[in-house]
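1. Just need the structure, nothing else, for what follows:
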Amino acid sequence: MTRVAVLFGGISAEREVSLSTGGQVIAALGEAGFEVIPVEVTGDLPALIAALQQARPDAVFNALHGRFGEDGCVQGVLDWLGIPYTHSGVRASSVAMDKAAAKAVFAAHGLPLAEHRVVTPEELEAADPLDRPYVVKPLNEGSSVGVEILREGDNRRAEIARGWRYGAQIMTEEYIAGRELTVAVMGDRPLAVTEIGTGHAFYDYDAKYADGGSQHTIPARVPADIAEAAMTAALRAHQALGCRGVSRSDFRYDDTTGRLALLEVNTQPGMTRTSLVPEQAAHVGIAFPELCAWLVREARHGP
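-> The predicted structure is shown next:
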């Protein structure tokens, strides 16, 4: 029987999401017939290494989210220990988590992007870096942590800048009106296009994870050429970053102009009961335990 250590928890702003993902994955892998070893990750790195050395797993299922879990840090530890793990390696994980670096890769591969600019909190406090409306977001957080939209007449710019606690740089990005689309990629296969509807101002943390926070339409009710373009762009972005396992690409689609823009790629997409990847997998006939088992079979270490 294959022994799988599931890493969950962590020390990022997304710890609660990871705890939920971990619980779902632990149950699914048990159902799929694996010997599962839950490993709750804290700020004690030597304890994590000791737990893995004691468990001697055949593979690690990385159910961590956010900094230190999906940015290449824990991937480097697992490479050092020589333990195969799910999802992307160090390089793809670190580049995808750095929104500026990821956008540079996407631009080099001709993928459709929103106008964007990286600024310091001081620059944001002094002036608008882009025409309004625009989005303000951390360079290296996930789950919409720290995201704000500044519209005409909104006087919060200086307040947001002075209270910024997500690093020395800020990603600012043109706000594209319209609809939120997402595409999961499993290996070399884009699964489906989901439209995310929410009563919130955007697909924020609560919309992602609270019961009833969002409505997912699969397949998205968009023109066939837009669906095809989104699936093609998601696969190209996955490949451009060098991702493996599963990733999820997020888009904005302006149905008044036909414009489609890639926002970002998530290399450790959520696996909670309200998450998008399990829904897309189910839509194409892949049950959640089967999805988790596939990720374990694809686990490896190295770049």
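2. who touches the residue nearest to residue 266 when sequence neighbours are not counted in this structure?
-> Spatially, and ignoring its direct neighbours in sequence, residue 266 is nearest to residue 248 (4.6 Å; Cβ to Cβ, 6 or more residues apart in numbering). Any C-beta I mention is one placed from the backbone N, CA and C, and that applies to glycine too. Contacts for residue 248 were tallied using Cβ atoms under 8 Å, 6 or more residues apart in numbering; they are 182-185, 234, 265-266, 269, 276-277.
3. just residue 115 next, same as before
-> Listed by Cβ under 8 Å, 6+ apart, the contact set of residue 115 reads 130, 173-174.
4. pLDDT below threshold where in the protein?
-> Where the chain drops to pLDDT under 70, the residues are 1, 141-144, 199-213, 303.
5. which SS class is residue 274?
-> Three-state call for residue 274 (DSSP: H, G, I helix; E, B strand; the rest coil): coil.
6. Let me know how buried it is, in neighbour terms.
-> By other Cβ atoms under 10 Å, 17 other residues sit near residue 274.
7. Take the contacts of residue 248 and keep only those in strands.
-> Of the contacts of residue 248, the ones assigned to strands by DSSP state E are 182-185, 265-266.
8. quick one on the thing from earlier: tell me the buried residues within the contacts of residue 248.
-> Buried residues within the contacts of residue 248, counting neighbours by 16 or more other Cβ atoms under 10 Å: 182-185, 234, 265-266, 269, 276-277.
9. what about the strands in the protein?
-> Secondary structure of the chain (DSSP E): strands at 3-9, 35-41, 59-62, 116-119, 134-138, 148-150, 170-174, 179-186, 189-197, 215-217, 246-254, 259-266.
10. Go through those strands and pick out the most buried.
-> Across these, averaging neighbours per residue (mean count of other Cβ atoms under 10 Å) puts strand 59-62 on top, at a mean of 28.
11. Now do the buried residues in stretch 149-165.
-> By neighbour count on 16+ other Cβ under 10 Å, the buried set for stretch 149-165 is 149-150, 157, 160-161, 164.
12. Check whether residue 231 really touches residue 190, as I assumed.
-> Yes. Counting by Cβ atoms under 8 Å, residue 231 touches residue 190, with 3.9 Å between them.
13. Now do the shared contacts for the two.
-> residue 183.
14. Domain ranges for this structure, per the record?
-> As given by automatic domain parsing, the domain ranges for the chain are 3-87, 95-112+176-287, 116-174.
15. can you give me how far the last one is from the chain middle?
-> I take that to be domain 116-174. Relative to the chain's own centre, domain 116-174 is displaced by 20 Å; criterion: Cα atoms, centre = their mean, to the nearest Å.
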